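> Sharing a model prediction with you, sequence too.
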Amino acid sequence: MKNVTLRQLKVFEAVARHLSFSRAAEELHLTQPAVSMQVKSLEDEAGLPLTEQVGKKVFLTSAGAELARHARVIAQQLREAGQALAAIKGVRGGQIHIGVVSTAKYFAPRLMTLFRSRHPDVELRLGVHNRETVVKLLANNEIDMAIMGLPPRELDTVSEVFAEHPLVIIAPLDHPLADRDSIAPEELVKETFLIREQGSGTRGAMERFFAERGVTLANTVEIGSNETIKQAVMAGMGISFISSHSIALEMSVERLICLRVQGTPVMRQWHVVRRAEKHFLPPAAAFHAFLCQEGARLIMEGGCSTTVSPRKA
């Protein structure tokens, strides 16, 4: 593929990311025929089809998926080269791509805003995803670093703890156990638990908590977001194991209560994670240092670590 151009790879990477020729064209400020032409030229050079269309949906072929992986790496390397040259020239600024698991969205924007107030020329790009997607982004070198709970074992990464992460069990204020000072985990076996989807770090922590105590939950309902889970708990649909970072507002206005279950809050840690071979450029190094030095304090000051539950009147 000696005649492949960077422009062709850039266009194809956008198509592969969006799985849409029209959305790629919109992002790149091109016409859809121009995008199709670039991809067709790349397919001619590769000698293999890179995409296929089933109905109105675009899919990558196995060859397309492999080429997309290399295209992402090349795009990232070009971006890093540009930032490195800018640093050598003394140019301020640069970009930082950060991926966070969904629970971190309750404090990550505040941390990024404070960092930007000190480094206004740095462009921050934040993506909020479930754990599996964040790990995939790290694996594909699509982000500079990730904010997550447990670092992935399947990747060679470097991680540092920067803050505590309490996990609690929440219930509506009128729950029969709301006034109890000490609740054994096995007393919850028949409760309906509203749980996150497979791949969620919170769900993994919940499953470990009950497995370590020999408790098997009889009734669970899978819900894909913390916001929906909180609304469902307030409506009396069930109880939930959830990050205390996500309930600060509801606790402050007494819409939810934390049950005093033995062994809770479950204390986990927030990690900032990067691939082991990743070399931070100055902007990313500055943000990493900011998280490690000030992240815990700023999260506490932002009111995102509520663990005390009000008693019912």
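Cool, got the structure.

> Quick check: phi and psi on the residue positioned nearest the centre of the chain?
Nearest to the mean C-alpha position of the chain, by CA atoms, centre = their mean, lies residue 101 at 2.5 Å. With angles defined as degrees, to the nearest 10, residue 101 sits at phi -70, psi 160.

> Give me the three-state assignment for residue 179.
Going by DSSP: H, G, I helix; E, B strand; the rest coil, the secondary structure assigned to residue 179 is coil.

> circling back: tally of neighbours for the residue lying closest to the residue nearest to the centre of the chain once chain neighbours are set aside?
Spatially, and ignoring its direct neighbours in sequence, residue 101 is nearest to residue 148 (4.8 Å; CB to CB, 6 or more residues apart in numbering). C-beta: built from backbone N, CA, C; applies to glycine. Burial of residue 148 is recorded as 24 neighbouring residues (other CB atoms under 10 Å).

> that older thread, what's the per-residue pLDDT of the residue nearest to the centre of the chain here?
For residue 101, the model assigns a pLDDT of 92.

> same question, residue 80
On pLDDT, residue 80 comes in at 76.

> gap between it and residue 42?
Distance of residue 80 to residue 42, given as CB to CB, to the nearest Å: 23 Å.

> can you check residue 2 too?
With distances taken as CB to CB, residue 2 is found 13 Å from residue 42.

> Then residue 128?
The gap separating residue 128 from residue 42 is 31 Å, by CB to CB.

> So what's the gap between the worst-scoring helix or strand of the chain on mean pLDDT and the chain middle?
Least confident helix or strand, the chain: helix 62-88 with a mean of 83, by mean pLDDT, DSSP states H and E. Remark: helix 62-88 is offset 21 Å from the chain centroid, using CA atoms, centre = their mean, to the nearest Å.

> Ok, stretch 203-212 next?
Relative to its chain's centre, stretch 203-212 lies at 20 Å (CA atoms, centre = their mean).

> ok, now stretch 8-18?
A distance of 23 Å separates the C-alpha centroid of stretch 8-18 from that of its chain, computed with CA atoms, centre = their mean.

> Mean confidence (pLDDT) on that stretch, please.
The pLDDT scores in stretch 8-18 average 93.

> Pull out the buried residues from that stretch.
For stretch 8-18, burial by neighbour count (16 or more other CB atoms under 10 Å) applies to 8-16.
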